[in-house]
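Undergrad: Below is the structure, and that's it, no one-letter string:
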């Protein structure tokens, strides 16, 4: 089958990669559509030292499964494969299982291929009528929703999202549900056109005074974005880190201590609420699609995705 | 009067520094005893760019005050002088007032002098019978208590304090009140003798497995201590930063995001509960005193305090 493979040797398209076999409890899924996210770009740069088929945002159709009710179903899938026996798994935190593998990220071939496998308990049915082009955003919308699981989102709080990119625009929309005013912060005016079109407030980072926001979400994944986020959060405010950083960051911890900032790392979130929001059209995603490529053109697609300001790049088998 | 002064030129003892005059609402306090803390050492290294009389841990006697009931009273004093008018002050967060001065730290001459001044509302009576040698620990015990204001301290949580120094030993004692088991973590066996004597559990940092503790308090103020603290906190655990860092830190933010760590900056705390704990003997401080110097020997005292492993150095006029 076709597959997009990453290793120390770099990113490669392989036309004859072995088709995976579903293990007991797993389903074999034929890919319908996949999305490239910033974590994929970090993995190509060496983050996590992954060697395998890359990709974790997808929608597909179950072709083989011991549980017959899944056959032929359109599905999306959560990405952490846990041991189900350790204290963290038993406490309901499977996504933090120390023995986990992660689809396309840690020791588990991912979604940028004609076929992938996942345990049945990771699968979620895509509602009838929800197009693949929308359902493929389930994973990043779930990641945005993770913030709602972690902190009290007081609707009167002044919220900023630094980085109006692929993930930032989903976070901004998700946090504005429920009545909060969310300001999308960018470095260039051109990056603010789309957030404004989506009905979000916008601001240029250099024009934002210090200590302006109660809650700031860092969605750039770089040192400068972190420094700006720390600058614009108010004393005793909350700074949410939503991006993975491939390199060590150089951080001014003193402001963090003196202003008593609360920093919250935030990763994977719940799929069912994400599917509900997408199904009801409460999160706009079509406008976030920049381009679509075939799997065989994945290297070009990755180059495109890595250009600054590029929004979602989709891959189709 | 005698004063210990810091500026770009470094630390100096001045024998004829002008005696301060109490402004309206302020009391003039004659110093009884003062303590050197790590923040003082950072200030001497250049943190906060302070120019003035250094020192903020003290106990003294009110000599002049418009409110006569304070005259002759033994007092300790909270260190933030706020505007009392801005939104943060009105919300009860005077210690985060953007217009504040801070005793011996920001634009306000401090306590390492024969006399200092403070607004009356910053003063707290030292209970009769509580010795100066104990009351002088009120400010750092209050800082330790700040953690109890910020997070739920579940008594079943596994807690570690990294850095069994001056502040770390107070934090360890304060957090163990109420039933929590607290482990003091050091780099060398010799640093663990005193915490063990104080009834705290101890551990060598190199022998602590990854992801061991629910709550980790960073009390070293250096990169290596931060890195170890991040290493030993469990996924979704809490990392409390209790030290000021003079220099930028080089941090692996990826673990923070992937393990969804909650980082909480923590600074000044409440004086009245600190005085209650000291008065009831619930926090042991006498064993933390390493040496006492006269003000005129402050430069030697600072050199002593800066030696690794040194506990509290006191200064007496």
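TA: Received the coordinates, thanks. Just so you know, these numbers come straight off a predicted model, no measurement behind them.
Undergrad: Endpoint to endpoint, stretch A:42-62 covers what distance?
TA: 29 Å (Cα to Cα, to the nearest Å).
Undergrad: quick one: that stretch to chain centroid distance?
TA: Counting by Cα atoms, centre = their mean, to the nearest Å, stretch A:42-62 is centred 12 Å from the centre of its parent chain.
Undergrad: interface residues of the stretch 51-200 of chain A facing chain B?
TA: Listed as neighbours of chain B in the stretch 51-200 of chain A under the rule Cβ under 8 Å from any Cβ of the partner chain: A:88, A:93, A:96, A:98, A:150. Quick note: C-beta positions are derived from backbone N, CA and C, even for glycine.
Undergrad: How about the secondary structure of the first one?
TA: With DSSP: H, G, I helix; E, B strand; the rest coil as the basis, the three-state label of residue A:88 is helix.
Undergrad: Could you verify my assumption that it touches residue A:98?
TA: Yes - taking Cβ atoms under 8 Å as the definition, residue A:88 is a contact partner of residue A:98 at 7.0 Å.
Undergrad: got any residues that touch both of these two?
TA: Shared contacts of residue A:88 and residue A:98 (Cβ atoms under 8 Å, 6 or more residues apart in numbering or on different chains): residue B:235.
Undergrad: The two - which one has more neighbours?
TA: residue A:88 (21 against 15; other Cβ atoms under 10 Å in any protein chain shown).
Undergrad: Find the nearest non-adjacent residue to that one, please.
TA: residue A:96 (4.9 Å; Cβ to Cβ, 6 or more residues apart in numbering or on different chains).
Undergrad: Determine which two of the residues of the stretch 51-200 of chain A next to chain B are furthest apart.
TA: Maximum pairwise distance among these (Cβ to Cβ): 20.2 Å, between A:98 and A:150.
Undergrad: count of residues packed around residue A:312?
TA: Counted with other Cβ under 10 Å, residue A:312 comes out at 26.
Undergrad: Tell me how far it lies from chain B.
TA: Using Cβ to the nearest Cβ, to the nearest Å, residue A:312 is found at 21 Å from chain B.
Undergrad: same question, residue A:140
TA: Per Cβ to the nearest Cβ, residue A:140 is found 15 Å from chain B.
Undergrad: burial count for that residue?
TA: Neighbour tally, residue A:140, other Cβ under 10 Å: 27.
Undergrad: Correct me if wrong: it contacts residue A:168.
TA: No - using Cβ under 8 Å, residue A:140 makes no contact with residue A:168, being 10.3 Å away.
Undergrad: List the contacts of the residue lying closest to residue A:214 once chain neighbours are set aside.
TA: Excluding the flanking residues, the one nearest residue A:214 by Cβ to Cβ, 6+ apart is residue A:157, at 4.1 Å. If you count contacts by Cβ under 8 Å, 6+ apart, residue A:157 has them with A:180, A:214-215.
Undergrad: For chain B, state which of those residues is nearest.
TA: residue A:214 (11.7 Å; Cβ to the nearest Cβ).
Undergrad: and that closest one, that's in a strand?
TA: Yes - assessed with three-state DSSP, residue A:214 lies in a strand.
Undergrad: who wins for most neighbours among the contacts of residue A:157?
TA: Top of the contacts of residue A:157 by neighbour count (other Cβ under 10 Å): residue A:215, with 25 neighbours.
Undergrad: pretty sure that one contacts residue A:237?
TA: Yes - contact criterion Cβ under 8 Å: residue A:215 and residue A:237 qualify, at 6.4 Å.
Undergrad: mind listing what residue A:227 touches?
TA: For residue A:227, the contact set (Cβ under 8 Å, 6+ apart) comprises A:251-252.
Undergrad: can you pull out the strands in the stretch 151-300 of chain A?
TA: Applying DSSP state E, counting those that start in this stretch to the stretch 151-300 of chain A gives strands spanning A:158-162, A:181-186, A:201-204, A:213-218, A:233-241, A:249-251, A:262-265, A:289-294.
Undergrad: quick one, the second one and strand A:213-218 angle?
TA: Interaxial angle, strand A:181-186 versus strand A:213-218 (axes from the mean of the first three to the mean of the last three Cα atoms, to 10 degrees): 40 degrees.
Undergrad: Repeat that for the first one.
TA: Angle, strand A:158-162 to strand A:213-218, by the same axes, to 10 degrees: 20 degrees.
Undergrad: Listing partners with orientation, what would you give for strand A:158-162?
TA: The pairing partners recorded for strand A:158-162 under DSSP bridges are strand A:181-186 (parallel), strand A:213-218 (parallel).
Undergrad: Export these as CSV, with columns for mean pLDDT and distance to residue B:305.
TA: CSV is the format used below for the strands paired with strand A:158-162 (pLDDT from 0 to 100; distance: least, Cβ to Cβ, whole Å):
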stretch, mean pLDDT, distance to residue B:305
strand A:181-186, 97, 43
strand A:213-218, 97, 37
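Undergrad: most tightly surrounded among these?
TA: strand A:213-218 (a mean of 25; mean count of other Cβ atoms under 10 Å in any protein chain shown).
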